[in-house]
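Provided below for reference: sequence and predicted model.
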Amino acid sequence: MTAIAVLGAGLIGREHAELVASHASASLAAIADPSPQAQALAARLCVPHYRDYETMLDEVRPAGAIIALPNHLHAPAALACIARGIACLVEKPVADDLAAARRLAEAAERADVPVLVGHHRRHSPDIHAAKRAIEAGELGAVVAVSGMTLFDKPDGYFDVEWRRSVGGGVLLINLIHDIDVLRHLVGEIESVRAFTSNAHRGLAVEDTASIAIRFVNGALGTFVISDNAVSPWAWEYTSGQALYHPSEPGPYLFLSGRKGALSVSDLYLWRHAKESDHWQDRLVRESRSGDGSRTYVNQLDHFLAVVQRQAKPLVDARDGMATLAVTLAVDRAAQEDRTVTLAEMLAEGAEAA
Ligand SMILES: NC(=O)c1ccc[n+]([C@@H]2O[C@H](COP(=O)([O-])OP(=O)(O)OC[C@H]3O[C@@H](n4cnc5c(N)ncnc54)[C@H](O)[C@@H]3O)[C@@H](O)[C@H]2O)c1
């Protein structure tokens, strides 16, 4: 059994704790979180409860740690794990700014302690199937991509202070997952432009954004996101893979290439019947499918292999930093009403670190 501790047992941390506790080859070593709810969860799962994560790491010495703390604590907690040689799964964003993300990536590499970033969609059957189709050349070169994440969070979600403050809005909480999928499926992003809005909820943080993307390989993309709009169009619903959302099979992401098109998560692949066909000919529609596995279980299985040093992190701290850089570029592009390049973001992150 691989002993895994959970740092921060709020909305997602408690799900991680339950997943670890019910995994055949893992045991939940402890929960570190000062809240009374976390204490009650630890009591229910019969594991030690700590208010302070450093004390817990020193006393329990778990083989691995899952960091599900508020964003600004990701880097300090991951550095605390690295200093003790403990592999960690750090929730996204890898850190709340690029300098901290770079310090974390460098510390992990120097100490040779693996850090896996919680971009769970990389472990999802629909994203796996899309990646397979693209790599097999079924779409040809991807020319254009468009997607949306539109859902409505309840007012109570924003009772937690950090979710109302800069860095706690829909970009760093949700868009970051979409950016990670776009990088994974289409390729590295060169630059972005964007608008953000808080017109409808009226908090300091943005609730809605529209984004235009230029990829290094020449593909172009658009994405709209809101946590204040009703729709069934978000991976959380369409994949049927999220932990605490209903399943609503359908599409949220549309990829179009020189040879074919693919919608995700419903995995319809559209192509011409003959090479000489064009826009006036009927397309052929085929179905692709995932393997029926569960995203968060796949992620935990992978993390256990990482903890045992049997696998390298699928999304390491440097990879997480690249996704963070694009997400922060979106924010800057909206604030400053201009095109922001990745090169600019990464150069600044390097200087500040
Ligand atoms: N991958 C996913 O599916 C997913 C989903 C939701 C949230 N997240 C990420 O997970 C992180 C947590 O989000 P959440 O929605 O669960 O937040 P949350 O506010 O519900 O939970 C955070 C928990 O951390 C605890 N905490 C705060 N300071 C602490 C400290 N110093 N030491 C120990 N515990 C402390 C709080 O008491 C709280 O229980 C965020 O970074 C978020 O972006 C990821």
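Noted; the coordinates are in hand. Residues are numbered from 1 along each chain as shown.

so where do the helices sit in the stretch 201-350 of the chain?
235-238, 295-307, 317-336, 342-352 (DSSP state H, counting those that start in this stretch).

which residues are in contact with L79?
L79 makes contact with R103, L104, A107 under the criterion Cβ atoms under 8 Å, 6 or more residues apart in numbering. The C-beta positions use only the backbone N, C-alpha and C, and glycine is treated the same way.

what do you get for E106?
If a contact means Cβ under 8 Å, 6+ apart, then E106 has A353 as its contacts.

whatever residue of the stretch 201-350 of the chain ends up closest to the ligand: how many residues sit nearby?
The nearest approach of the stretch 201-350 of the chain to the ligand comes at L243, 6.9 Å away (Cβ to the nearest ligand atom). Applying other Cβ atoms under 10 Å, we find 16 residues neighbouring L243.

in the chain, where is pLDDT below threshold?
349 (pLDDT under 70).

quick check: residues of it near the ligand?
7-13, 32-35, 38, 53, 68-71, 73, 91-92, 118, 120, 160, 173 (Cβ under 6 Å from any ligand atom).

who's the closest spatial neighbour of T323, skipping the chain neighbours?
Excluding the flanking residues, the one nearest T323 by Cβ to Cβ, 6 or more residues apart in numbering is D180, at 4.4 Å.

next SSE after the one helix or strand the one you found maps to?
Applying DSSP states H and E as the criterion places D180 in helix 176-185. Of the helices and strands lying after helix 176-185 in sequence (DSSP H and E), the nearest is strand 189-197.

list the strands paired with that next one, with their directions.
strand 208-215 (antiparallel), strand 340-341 (antiparallel) (DSSP bridges).

buried stuff in it?
Neighbour counts over strand 189-197 (16 or more other Cβ atoms under 10 Å) mark I189, E190, S191, V192, R193, A194, T196 as buried.

and what of stretch 264-280?
V264, S265, D266, L267, L269, R271.

same question for stretch 129-149.
The neighbour-count criterion (16+ other Cβ under 10 Å) identifies A129, A130, A133, I134, E138, L139, V142, V143, V145, G147, M148, T149 as the buried residues of stretch 129-149.

got the contact list for the fifth one?
The neighbourhood of E138, defined by Cβ under 8 Å, 6+ apart, consists of K259, G260, L262, L269, R271.

hmm, back to that, between the contacts of L79, which is nearest L220?
Proximity of the contacts of L79 to L220 (Cβ to Cβ) peaks at L104, which lies at 31.6 Å.

can you name the next helix or strand after whichever strand or helix holds the closest one?
L104 belongs to helix 98-111 when assigned by DSSP H and E. Following helix 98-111 in sequence order, the next helix or strand is strand 115-117 (DSSP H and E).

contacts for that following strand?
Against strand 115-117 from outside (Cβ under 8 Å, 6+ apart): 78, 81-82, 87-92, 94, 104-105, 108, 302-303, 306, 313-317, 319-320, 323.

what does stretch 4-11 give?
Contacts of stretch 4-11 (Cβ under 8 Å, 6+ apart): 13, 16-17, 20, 26-33, 35, 37-38, 41-42, 53, 56-57, 60, 62-70, 73, 77, 160, 244, 303-304, 307.

now stretch 196-213
By Cβ under 8 Å, 6+ apart, the list of residues contacting stretch 196-213 reads 145, 158, 163-171, 175, 182, 189, 191-195, 220-229, 330-331, 333-335.

just how off-centre is that stretch within its chain?
19 Å (Cα atoms, centre = their mean, to the nearest Å).

hey, C-alpha coordinates of stretch 311-325 in CSV?
C-alpha atoms of stretch 311-325 as CSV (Å, rounded to 0.1, in the frame of the first residue of the first chain):
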residue,chain,number,x,y,z
ALA,A,311,6.4,6.6,-14.2
LYS,A,312,7.4,10.2,-14.9
PRO,A,313,4.6,12.7,-14.3
LEU,A,314,2.4,13.1,-17.3
VAL,A,315,2.1,16.8,-16.5
ASP,A,316,5.2,17.9,-14.6
ALA,A,317,5.7,21.3,-12.9
ARG,A,318,7.3,22.8,-16.0
ASP,A,319,4.4,21.6,-18.2
GLY,A,320,2.0,23.1,-15.6
MET,A,321,4.0,26.3,-15.8
ALA,A,322,3.4,26.5,-19.5
THR,A,323,-0.3,26.1,-19.1
LEU,A,324,-0.3,28.7,-16.3
ALA,A,325,1.7,31.1,-18.6
